[in-house]
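need coordinates for the below:
(chains A and B)
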Amino acid sequence: AQSVTQLGSHVSVSEGALVLLRCNYSSSVPPYLFWYVQYPNQGLQLLLKYTTGATLVKGINGFEAEFKKSETSFHLTKPSAHMSDAAEYFCAVQYSGGGADGLTFGKGTHLIIQP
Amino acid sequence: KAGVTQTPRYLIKTRGQQVTLSCSPISGHRSVSWYQQTPGQGLQFLFEYFSETQRNKGNFPGRFSGRQFSNSRSEMNVSTLELGDSALYLCASSPSLLETQYFGPGTRLLVL
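Coordinates of the predicted model:
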């Protein structure tokens, strides 16, 4: 069975500071990994994804994530936080072998940006 | 391209009633998945449809059902509503199975 753990339900950073949101997964086979962002009263927007190939993945809005198989991690980073980054962020895993239960999401991390 | 659309956006029902939610995928997308989002349980997978066939199903009771039409539009139905069914129901579409899912804005259901 696959699972996702996001460390920290709330993360607070100052505007202009580094953003680091942590995600660890468990999967018995190579996973597909995703980060989604959700703004209030909206659906989920894809930030970036890892399927195969290069382990450092760049996404929209200056975000990037690195797939580290040895650490079973897929942490999300952004060098300089902006007020508009305040939102809920979800890490998700999908079983690349197919036939599994859709996307499995972490509990989410609420990112707070301090002015 | 237009994104995933869901109707209605908001819905209020009472216990025991049934409800039908609709999802129109991105043009050309043939796979539609449904998720339930609640503060307590987070985001949970309900089911996935591809080519009018249910391909996967999450751990939900039989009161939750769905279907997909030949134009890839999908509906989900919840019968005998319970207070715990209050949630944001999200639909996602993808070109095919195991491809990136794009989400709609959701339908917020309140059961009184």
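
for stretch A:89-108, buried residues please.
Under the neighbour-count criterion of 16 or more other CB atoms under 10 Å in any protein chain shown, stretch A:89-108 has A:89-95, A:100-106, A:108 buried. For glycine as for every other residue, the C-beta is placed from the backbone atoms N, C-alpha and C.

pretty sure A:Gly8 sits against A:Leu20.
No: counting by CB atoms under 8 Å, A:Gly8 stays clear of A:Leu20, with 9.5 Å between them.

show me what from chain B comes close to chain A.
Contacts of chain B with chain A, taken as CB under 8 Å from any CB of the partner chain, map to B:4, B:33, B:35, B:42-45, B:47-48, B:55-59, B:90, B:92, B:97-98, B:100-106.

avg pLDDT for stretch B:46-58?
The average pLDDT within stretch B:46-58 is 92.

next one: stretch A:52-70
Averaged across stretch A:52-70, pLDDT comes to 93.

chain center to that stretch: distance?
Distance of stretch A:52-70 from its chain centroid, counting by CA atoms, centre = their mean, to the nearest Å, is 10 Å.

ok, now stretch A:76-89?
Offset of stretch A:76-89 from its chain centre (CA atoms, centre = their mean): 11 Å.

stretch A:15-34 now?
From the chain centre to the centre of stretch A:15-34 is a distance of 4 Å (CA atoms, centre = their mean).

just the endpoints, please. Distance across it?
Stretch A:15-34 has an end-to-end distance of 25 Å (CA to CA, to the nearest Å).

buried subset of the residues of chain B next to chain A?
B:4, B:33, B:35, B:42-45, B:47-48, B:55-58, B:90, B:92, B:98, B:101-106.

pLDDT of the helix or strand where B:Arg108 lies, averaged?
Secondary-structure assignment from DSSP states H and E places B:Arg108 in strand B:107-111. Averaging pLDDT along strand B:107-111 yields 98.
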